[in-house]
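Peer 1: Generate coordinates for the sequence data below:
(one chain, ligands or ions: 1)
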Amino acid sequence: MELDVLRLAVDYYHYLLNAELHINEWVQDRLSLAEPLFRFVSIYLEPGNLFNVLIPLLGICGQDLLTHLVYALSLVSAVSSFEKWIYPEWRPLWRLRELYANVHGIRPRVALQSHDLSCETSGGMPCAHTMTWTALLMVVSVHLPLKDRSANWGPLVHLLIGCCTLCMWLSRLYLATEYLHQCLLSTYIAVSLLASFQRHLDQLYAQRRGWAVLLVLLFGCMAISVYFIKLQLGIDPHWSVRQSFKWCPEPTYMRHESSPIFLLARDLGNLMGVALSLPLVQLRTFESKYSHRFLGIGILELLNYILRLCTPKQHGRFLFLAYEFTRNALHSLILLRALPKLLNKIS
Ligand SMILES: O=P(O)(O)OC[C@H]1O[C@@H](O)[C@H](O)[C@@H](O)[C@@H]1O
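Peer 2: Numbers count the residues shown, from 1 in each chain. Here you go, the predicted structure:
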């Protein structure tokens, strides 16, 4: 009986995945005019660019906003990378190609175009672009200097956030990197995470450094355990990378920086930087002049850019991961701890 229910659920899930391919096809057919916008959104608003460009830029407005953004988005992005590592779900293009490759199976009457940006190497669920983008918009909305927030501006701000999020969904659907349910669930997860983050904001800022560092190390150990558990169970930990290699029309479109292990190293690095900078209760209230903030953040991001260019990609996986972990940890540590102290002294 239980087995029948399970089989029914699995069948329904596969049916849903196949049916949803028509949504991607519809978006590609009907909204091709907006392709430049969709490409812009997926390239420039991807999580890596948010951390390296947009968050520091927004951080010029104030330390409180910067601290809130780095802390919340590091958590949200880490959750997304963990989920991708534990259970990498299908992406529409992989699934469609697999269905067509199966000579005995039923082939759906769907045609999807593959783009250079479609060659992602991590799983489809959750959509990291959607999660981090939604979280960023929500944090920024909390800091908008609006009078009478609830009565007049509240609905308008929510409408704006909704439109920007929709634009990200359409971009991912158009590039056939995500299914619609993955976009919807990602927004739901991001909103829920942000809501509970907001509820415990004071405690989170007041956390002790030692505990937080221990927790990040524990997350790291969990990620390594997942790898070995999967090997024990006969599950390929690199399934998503292999799918990408199999179906990407041009291997040079694939990027080291989007592989699941890299994403984990990047996000654990960000989290470690946040953990090392705790407690943040006082630091986030440090005031400084805009011109000083502009200069300080500008110099830091220039150095970060040079370090990114020097990433050792050809000297083995371990060096690459250790470098990325350290660079991201230092980046958030400086943004949250060293920068406010330095600017406060100068101002
Ligand atoms: O999950 P998505 O939205 O398809 O994105 C896949 C990856 O795309 C990369 O460009 C991002 O740097 C990663 O953070 C992200 O995980």
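
Peer 1: Show me which residues of the stretch 1-150 of the chain sit near the ligand.
Peer 2: Listed as neighbours of the ligand in the stretch 1-150 of the chain under the rule Cβ under 6 Å from any ligand atom: 46-48, 120, 122, 127-129. Heads up, the C-betas are built off the backbone N, CA and C, glycines and all.

Peer 1: want to throw the residues you listed into TSV with distance to W169 and pLDDT?
Peer 2: Below are these laid out as TSV (distance: Cβ to Cβ, whole Å; pLDDT from 0 to 100):
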residue	distance to W169	pLDDT
E46	14	93
P47	16	94
G48	19	92
E120	16	89
S122	18	91
C127	8	94
A128	13	95
H129	9	96
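
Peer 1: Tell me which residues touch the residue nearest the centre of the chain, please.
Peer 2: In the chain, the residue lying closest to the centroid (Cα atoms, centre = their mean) is A128, at 3.4 Å. Contacts for A128 (Cβ atoms under 8 Å, 6 or more residues apart in numbering) come out as 46-47, 77, 80-81, 84, 122, 186, 263.

Peer 1: at 6 Å what do you get?
Peer 2: For A128, the contact set (Cβ atoms under 6 Å, 6 or more residues apart in numbering) comprises 47, 80.

Peer 1: Is the helix or strand containing L271 positioned near the ligand?
Peer 2: Using DSSP states H and E, L271 falls within helix 260-277. Yes - interface with the ligand: helix 260-277 contributes L263 (Cβ under 6 Å from any ligand atom).

Peer 1: Can you name the element that comes right after that helix?
Peer 2: helix 290-309.

Peer 1: Please pull up the helix or strand immediately following that following helix.
Peer 2: Later in the chain than helix 290-309, the nearest helix or strand by DSSP H and E is helix 317-333.

Peer 1: For that following helix, which residues meet the burial criterion?
Peer 2: For helix 317-333, the neighbour count (16 or more other Cβ atoms under 10 Å) marks 320-321, 323-325, 327-333 as buried.

Peer 1: Find the nearest non-adjacent residue to whatever residue of the stretch 151-300 of the chain ends up closest to the ligand, please.
Peer 2: For the stretch 151-300 of the chain and the ligand, the shortest gap (Cβ to the nearest ligand atom) falls at S258, measuring 4.1 Å. Spatially, and ignoring its direct neighbours in sequence, S258 is nearest to T121 (5.2 Å; Cβ to Cβ, 6 or more residues apart in numbering).

Peer 1: I'd like the distance between that neighbour and M168.
Peer 2: Distance, T121 to M168, by Cβ to Cβ, to the nearest Å: 20 Å.

Peer 1: Show me how far stretch 284-295 is from its chain's centre.
Peer 2: Taking the mean of its C-alpha atoms, stretch 284-295 sits 27 Å from the chain's own mean (Cα atoms, centre = their mean, to the nearest Å).
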